[in-house]
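[1] quick check, what structure comes out for this input:
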Amino acid sequence: MRPATTALKIVLATLFSLTGSVREVLAQHNLEQAQKDWPDLKLLSPVKVRGLSNHLVADLRERSCRIPMFSKWDGRHNVIRGAFLHAGSQDVAVLCIVEDDMSIIVYPDGRKQGAQQIRKFPADAYRMIHAVSPFVLKKRAIRDQATERLPAFDHDGIEDGPVGETTETTYFHAGSWINVF
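    Below is the predicted model:
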């Protein structure tokens with residue numbers, strides 16, 4: 001039994017060491033495929049994204065963040081502004097790719113202090129984020145007959161997911177981020 005256990009440990013260790021490489025190859029393939037589907041999709045350095053303050057650019061560069069952006073799409077995506085933490089705030093949310101991982105970072109009132117990484121998942125070049133208004137959130141709650149189990153929406157949420165597929169909406173409520181749809 002002992003030689004089999006040792007062999008299994010070696011196989012598992014080898015697999016775990018390859019996992020990072022496999023994930024990087026899959027993430028790169030995903031980006032290449034997405035760029036074939038949409039030639040205007042670019043992974044931008046934060047310094048190339050219009051509307052980001054110098055201190056947010058510096059923070060995103062420190063994080064080695066690249067931001068997926070469609071150059072020919074007028075709608076706000078992947079660097080968005082809204083009242084994400086509470087009504088009246090002026091927060092900034094950024095979809096950030098670092099190597100083979102992707103996350104959403106929220107900057108309270110557009111400041112580096114108190115920045116929160118609210119979601120993290122494997123990189124997917126097809127993924128986008130958008131702001132969702134309280135009006136739309138309320139309409140969705142009514143549509144889904146979920147008004148009793150969801151909070152009374154008084155500020156924006158963040159919708160994310162692959163383009164053309166099912167999305168998730170994240171909402172800040174009672175001190176934490178919850179998925180509401």
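[2] dump the residue contacts of the residue positioned nearest the centre of the chain.
    In the chain, the centroid-proximal residue (Cα atoms, centre = their mean) is I104; its distance is 3.5 Å. By Cβ atoms under 8 Å, 6 or more residues apart in numbering, the contact set of I104 is 93-96, 117-119, 129, 158, 160, 170. No exception for glycine: its C-beta is placed from N, CA and C like everyone else's.
[3] do that again at 7 Å, thanks
    Counting by Cβ atoms under 7 Å, 6 or more residues apart in numbering, I104 touches 93, 95, 118-119, 129, 158, 160.
[4] how about stretch 165-174: buried residues?
    For stretch 165-174, a neighbour-count test (16 or more other Cβ atoms under 10 Å) marks 167, 169-173 as buried.
[5] and it, how far apart are its ends?
    29 Å (Cα to Cα, to the nearest Å).
[6] so what's the gap between that stretch and the chain middle?
    Centroid displacement of stretch 165-174 relative to its chain, using Cα atoms, centre = their mean, to the nearest Å, is 11 Å.
[7] pLDDT of it, averaged?
    Across stretch 165-174, pLDDT averages out at 94.
[8] also stretch 65-84?
    For stretch 65-84, mean pLDDT is 86.
[9] give me the nearest residue to S45, chain neighbours excluded.
    Spatial nearest neighbour of S45, excluding adjacent residues (Cβ to Cβ, 6 or more residues apart in numbering): R66 at 6.5 Å.
[10] show me where the chain has its helices.
    For the chain, the helices defined by DSSP state H cover 2-37, 54-62, 134-143.
[11] adding neighbour count, write the contacts of I104 out as CSV.
    Below are the contacts of I104 laid out as CSV (neighbours: other Cβ atoms under 10 Å):
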residue, neighbour count
A93, 24
L95, 24
I118, 17
R119, 17
I129, 22
I158, 25
D160, 23
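[12] what is the nearest of those residues to V136?
    I158 (12.1 Å; Cβ to Cβ).
[13] now do the same contact list for the closest one.
    Contacts of I158 by Cβ under 7 Å, 6+ apart are 84, 93, 104, 129, 131-132, 169-170.
[14] next one, pLDDT for it please.
    Each residue has a pLDDT score; the one for I158 is 98.
[15] for the contacts of I104, which one is nearest P46?
    Taking Cβ to Cβ as the measure, P46 lies nearest L95 of these, at 11.6 Å.
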